[in-house]
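>>> build me a model from this:
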Amino acid sequence: MPRRAIPLAALLAVLMMALGACGRDDGPGEIFSPDLGIEGTEENAALELGFPTFATKNTTRVGGADPIANAAAVARASFPGDQQRPAAVALVDVGDWRASIAASSLMGTDLKAPVLFTDGDDIPAATQRALEELEPSGAQEAGGAQVILIGDAPTPSGYETTEVRGSNPAALARAIDALAIAAQGSPSDTVVIATAEQAPFAMPAAGWAAKSGDPVLYVNDDGVPRETREALRSHQQPRIYVLGPTRLISSKVTKVLRELGTVTRVGGRDPISNAVEFATFNDGQFGWGLVDAGHGLVLLNGSNPADAAAAAPLSTSGKYGPLLLVDDAEELPGPVREFLLDIQPGFDEDPVRGVYNHAWIIGDETALTTTVQAQIDALLEIVPVDPTPPAEEVEEPEPEPEPEPEPEEEEPDDEEDDEDAPSPTDPAPEPLPIPTPTTPQ
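Presented below is the predicted three-dimensional model:
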């Protein structure tokens, strides 16, 4: 019996906003949507249609109250139906952020499996409904499984399943990697190493893993776990990218990693700058390399680590883009603001010929307020630029000193003229008489 499809807008707009949903507590995974068909006679028509919280001209919000709802909405946005269906879906416990970030890589393989969340032994209503609407076709690369059970996720009824288990975060990440290798037919030549200790530093790896299929493996304060070393050996001297600063993943750890592959460190001193650095990094073989306009972005609050996996499919479809973090719902962090200014689009004559940026906002207003959303929208807007390059300041050469005039010969003052000197106007003097010589008497 065919299942009825939920309108895409209703699934995306999981709003906790001025629709009256703010502050409501209807349990995990509840999805709120704007009202459709509002007439112009309604005073709050714009708000009830979902604007500007659901969307602005350059942003779209997936406004779930928790990662369960956000994951369900993102999965439906990524696979809206008809010919767009996933082969499989990965179920992960919402409390296990390490497993969910590692499982994000399955979206980047031939499995194309988005992450949905369970809650302990329960399968929340939003997850159950998303499973029904997604109708996974079954992945031959996973033995025909429609649902991949990660860790301790419970089994939904009515679906072909396969299990991926591990006794600790490193072991579970290795098991997920093994499934990805089996699905692809060969190991990747690139691996991301993240910390298992602090979620905000590991969160940006989810978006990249979903885009590239590169596995995310874990290290901890004690060093490199045995399961991580074994996984790296299966990749046969891969390029290893360490995500995070030295104070978090020490040089002692990278020394061990260098025995297993070529190591490059990427990241910043705090979670916000760490995500920005990861978004801009590119060495020709790895990285987003976002240093110009024309891209998608995903922004979420670092206090909700499971949202990284929930949002990961948005990094690998539609407007591809990296994951950025905020740490305060009411303030846009300085590093994020500067990054958005650096990549803000511009146009010379006609904006239609330009490129555009777009951002997905993950979570309700407790994650990021509409005020901050409006600031992001403004920083994403294409703006006119002056096509004339600024004139270069040319230093005028110092004028050469004028040569000093040669001193003129002084003419004698009239008063000092020789009185006997003839004047050109005087008549010629009469010749003096020649004296006649006389003979002495």
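>>> name the SS class of Arg61, please.
Using DSSP: H, G, I helix; E, B strand; the rest coil, the structure places Arg61 in strand.
>>> ok, it - how many residues close by?
Arg61 has 30 neighbours, counted by other Cβ atoms under 10 Å. All C-beta atoms are positioned from the backbone trio N, CA, C, and that covers glycine.
>>> now do Asp292
Asp292 has 10 neighbouring residues, counting by other Cβ under 10 Å.
>>> just name the shakiest helix or strand of the protein by mean pLDDT.
Of all helical and strand segments in the chain, the minimum by mean pLDDT, DSSP states H and E falls on helix 8-12, at a mean of 39.
>>> helix or strand right after that helix?
helix 45-48 (DSSP states H and E).
>>> pLDDT of that following helix, averaged?
Helix 45-48 comes out with an average pLDDT of 78.
>>> distance between that helix and the chain's centre?
Its chain's C-alpha centre and that of helix 45-48 lie 31 Å apart, by Cα atoms, centre = their mean, to the nearest Å.
>>> just the pLDDT at Ile148, thanks.
With respect to pLDDT, Ile148 scores 98.
>>> wait, Pro2
Looking at Pro2, its pLDDT stands at 37.
>>> again with Glu402
66.
>>> CA atoms only for stretch 319-332, dumped as CSV, please.
In CSV, the C-alpha atoms belonging to stretch 319-332 read as follows (Å, rounded to 0.1, in the frame of the first residue of the first chain):
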residue,chain,number,x,y,z
LYS,A,319,24.3,23.5,-1.9
TYR,A,320,27.4,21.6,-0.7
GLY,A,321,29.2,23.2,2.2
PRO,A,322,31.1,22.9,5.5
LEU,A,323,29.8,22.9,9.0
LEU,A,324,30.3,26.1,11.1
LEU,A,325,29.7,26.5,14.8
VAL,A,326,28.2,29.1,17.2
ASP,A,327,28.6,28.9,20.9
ASP,A,328,25.9,31.5,21.9
ALA,A,329,22.4,31.5,20.4
GLU,A,330,22.3,35.3,20.6
GLU,A,331,25.7,36.3,19.2
LEU,A,332,27.5,35.5,15.9
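>>> mind listing what's buried in that stretch?
Buried residues in stretch 319-332, counted by 16 or more other Cβ atoms under 10 Å: 319-326, 329, 332.
>>> can you tell me the helix or strand for Val253?
Val253 belongs to helix 251-257 when elements are defined using DSSP H and E.
>>> run the chain-centre distance for that helix.
Using Cα atoms, centre = their mean, the offset of helix 251-257 from its chain centre is 27 Å.
>>> helices of the stretch 301-441 of the chain, start to end?
For the stretch 301-441 of the chain, the helices defined by DSSP state H, counting those that start in this stretch cover 306-311, 334-342, 370-380.
>>> the first one - what's its average pLDDT?
The pLDDT scores in helix 306-311 average 98.
>>> past the helix holding Val253, which element shows up next along the chain?
Counting by DSSP H and E, what follows helix 251-257 is strand 262-266.
>>> now the helix or strand just after that following strand - C-alpha only, CSV.
Going down the chain from strand 262-266, the next helix or strand is helix 271-280, by DSSP H and E. C-alpha atoms of helix 271-280 as CSV (Å, rounded to 0.1, in the frame of the first residue of the first chain):
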residue,chain,number,x,y,z
PRO,A,271,35.9,25.0,18.5
ILE,A,272,34.7,28.1,16.6
SER,A,273,38.0,28.9,14.9
ASN,A,274,38.7,25.2,14.5
ALA,A,275,35.6,24.8,12.3
VAL,A,276,36.5,28.0,10.3
GLU,A,277,40.0,26.7,9.7
PHE,A,278,38.7,23.4,8.6
ALA,A,279,36.3,25.1,6.2
THR,A,280,39.1,27.1,4.5
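>>> circling back: of the buried residues of stretch 319-332, which belong to strands?
Using DSSP state E, the subset of those located in strands is 323-326.
>>> cool, thanks, talk later.
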